[in-house]
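**Q** Quick one, fold the following:
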Amino acid sequence: MSVTNTSGRRKTAVARIYLKEGNGTITVNGKDHKVYFPTLPLQYIVNQSFEVSELTGKYDVNVNVNGGGVKGQAEAVRLAIAKAIVELDAEKKPALRAKGLMTRDNRMVERKKPGRKKARKKFQFSKR
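**A** Residues are numbered from 1 along each chain as shown. Coordinates of the predicted model:
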């Protein structure tokens with residue numbers, strides 16, 4: 001049985017996954033994905049790649065994810081799973097691409113500039 005290893009990133013979150021044939025269990029950092037991502041929208045994001053490619057319940061996924069917040073981590077896992085599915089079956093790529101699951105969302109937080117309060121916010125201007 002072969003194991004497919006890919007990674008996905010979103011903001012500062014990095015997900016490394018190991019995908020192998022099985023019964024559909026997703027383990028994230030040693031916990032079940034429903035425990036690690038407790039809300040339904042996050043669980044939907046994690047399972048979205050499987051649902052689009054119609055492979056729900058056919059692969060076991062072991063995920064190591066760190067950095068970022070829970071939403072960024074969930075989206076990093078989604079991208080990694082989509083990349084692994086394409087590695088196994090290239091014919092699934094157009095369907096995943098159409099839903100926007102193959103694109104690495106490269107939006108990051110803008111850095112704080114010196115002499116400013118935040119990235120763009122300035123200190124209050126005083127005329128007198």
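**Q** quick one: secondary structure of the spatially most central residue of the chain?
**A** Centroid-nearest residue in the chain: Ala76, 1.7 Å away (criterion: C-alpha atoms, centre = their mean). Classification of Ala76 using DSSP: H, G, I helix; E, B strand; the rest coil returns helix.
**Q** Which residue lies nearest to it in three dimensions, sequence-adjacent residues excluded?
**A** Counting by C-beta to C-beta, 6 or more residues apart in numbering, Ala76 lies nearest to Ala15, which is 3.9 Å off, once chain neighbours are set aside. C-beta coordinates here come from the backbone N, C-alpha and C atoms, glycine included.
**Q** would the one you found count as being in a strand?
**A** Yes - secondary structure of Ala15 (three-state DSSP): part of a strand.
**Q** Contact partners for Lys3?
**A** In this structure residue 3 is Val, not Lys. 18-20 (C-beta atoms under 8 Å, 6 or more residues apart in numbering).
**Q** buried sites along the helix or strand encompassing Leu96?
**A** Assigned by DSSP states H and E, Leu96 falls within helix 93-98. For helix 93-98, burial by neighbour count (16 or more other C-beta atoms under 10 Å) applies to 93, 96.
**Q** how many neighbours does Val52 have?
**A** Using other C-beta atoms under 10 Å, Val52 has 20 other residues around it.
**Q** and the gap between it and Lys58?
**A** Noted for Val52: a distance of 14 Å to Lys58, by C-beta to C-beta, to the nearest Å.
**Q** same check, this time on Arg9
**A** From Arg9 to Lys58 the distance is 25 Å (C-beta to C-beta).
**Q** The two: who's more crowded?
**A** Arg9 (18 against 12).
**Q** Surely that one touches Leu79?
**A** Yes - using C-beta atoms under 8 Å, Arg9 is in contact with Leu79, at 7.1 Å.
**Q** Which neighbours do those two have in common?
**A** Counting by C-beta under 8 Å, 6+ apart, the residues touching both Arg9 and Leu79 are 15, 104.
**Q** Contacts only, for Lys112.
**A** Taking C-beta under 8 Å, 6+ apart, we find Lys112 in contact with 118-119.
**Q** Then the one 5 residues further on?
**A** Contacts for Lys117 (C-beta under 8 Å, 6+ apart) come out as Phe123.
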